[in-house]
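K.L.:
sequence first, then the predicted structure:
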Amino acid sequence: KAGVTQTPRYLIKTRGQQVTLSCSPISGHRSVSWYQQTPGQGLQFLFEYFSETQRNKGNFPGRFSGRQFSNSRSEMNVSTLELGDSALYLCASSLNGELFFGEGSRLTVL
Amino acid sequence: DAKTTQPPSMDCAEGRAANLPCNHSTISGNEYVYWYRQIHSQGPQYIIHGLKNNETNEMASLIITEDRKSSTLILPHATLRDTAVYYCIVRVGPSGSARQLTFGSGTQLTVLP
């Protein structure tokens, strides 16, 4: 069974640009959650989606948004990028509460 | 605020058991102890979880004290590939929201040849 797939794995952007990250969950998993991981702040929750509906949202500014499609694939978007947005963005899918993480998308903002 | 306390680093000889401690003195009655690990620049990997009984799976064993204020993750025969940061977290179990997943600093386990 394929795991959680995140694309792209690495990307470099400049301040002010926007970025879209994609996550394909494990087949059959309907819940997808997103996290930001930085050396200073550790792992921080961004959002959680279930059946195309946002169930929870973390304490991030409105520049961070996400959505989930009918096939459970999810995307997150960050607009007006700031240097502090440089991080590893992790997606996790779950079926019955257990979380399975993807390899992450490492974003560098210059 | 941190709900778990772990030593920042530990070393273990290859082939020996690695015992990683975790303190969670403020754990609530409905919170489970979960362990994940993260190899550099990869996504966290689920290892094991438990409520109050000791648990064992193909990767590790989890020993939870009777008062549930601390636990130990045991890797019975550590290999070089077990070198990673190990995170101990407490959260409401499988029915809980993914929002509750918060990793602290973890323990950097280095398995030495």
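P.N.:
That came through, no problem.
K.L.:
residues touching the nearest residue to residue B:101 once chain neighbours are set aside, list them.
P.N.:
When the adjacent residues along the chain are set aside, residue B:101 lies closest to residue B:91, with 6.1 Å between them (Cβ to Cβ, 6 or more residues apart in numbering or on different chains). C-betas here are computed from N, CA, C, even on glycine. The neighbours of residue B:91, taking Cβ atoms under 8 Å, 6 or more residues apart in numbering or on different chains as the test, are B:31, B:32, B:34, B:100, B:101.
K.L.:
now the first one: closest residue in space that isn't a chain neighbour?
P.N.:
Read that as residue B:31. Spatial nearest neighbour of residue B:31, excluding adjacent residues (Cβ to Cβ, 6+ apart): residue B:90 at 4.5 Å.
K.L.:
re earlier: which stretch of helix or strand covers the residue nearest to residue B:101?
P.N.:
strand B:84-92 (DSSP states H and E).
K.L.:
pull out the buried positions in that strand.
P.N.:
Using 16 or more other Cβ atoms under 10 Å in any protein chain shown as the test for burial, strand B:84-92 gives B:84, B:85, B:86, B:87, B:88, B:89, B:90, B:91.
K.L.:
show the contacting residues for the residue nearest the centre of chain B.
P.N.:
Most central residue of chain B, judged by C-alpha distance to the mean C-alpha position with Cα atoms, centre = their mean, is residue B:35 at 3.3 Å. Under the criterion of Cβ under 8 Å, 6+ apart, the contact partners of residue B:35 comprise B:20, B:22, B:46-49, B:60, B:62, B:73, B:86-89.
K.L.:
ok, what's across the strand from the residue nearest to residue B:101?
P.N.:
Legend: beta-bridge partners of residue B:91 under DSSP bridges are residue B:32.
K.L.:
pLDDT wise, what is it at?
P.N.:
In this model, residue B:91 is scored at 81, pLDDT.
K.L.:
ok, now how distant is it from residue A:109?
P.N.:
Spatial separation of residue B:91 from residue A:109 under the definition Cβ to Cβ, to the nearest Å is 30 Å.
K.L.:
ditto for residue A:24
P.N.:
The value you get for residue A:24 to residue A:109, if Cβ to Cβ is used, is 24 Å.
K.L.:
next one: residue B:65
P.N.:
Here the criterion is Cβ to Cβ. By it, residue B:65 lies 44 Å from residue A:109.
K.L.:
same check on residue A:34?
P.N.:
On the measure of Cβ to Cβ, residue A:34 and residue A:109 end up 17 Å apart.
K.L.:
which one of the buried residues of strand B:84-92 sits closest to chain A?
P.N.:
Using Cβ to the nearest Cβ, the shortest approach to chain A within the buried residues of strand B:84-92 belongs to residue B:87, at 8.1 Å.
K.L.:
what does the pLDDT read for the closest one?
P.N.:
In the predicted model, residue B:87 carries a pLDDT score of 93.
K.L.:
one step back: tell me which of residue A:34 and residue A:109 has more neighbours.
P.N.:
With neighbours defined as other Cβ atoms under 10 Å in any protein chain shown, residue A:34 and residue A:109 compare such that residue A:34 has more, 26 against 19.
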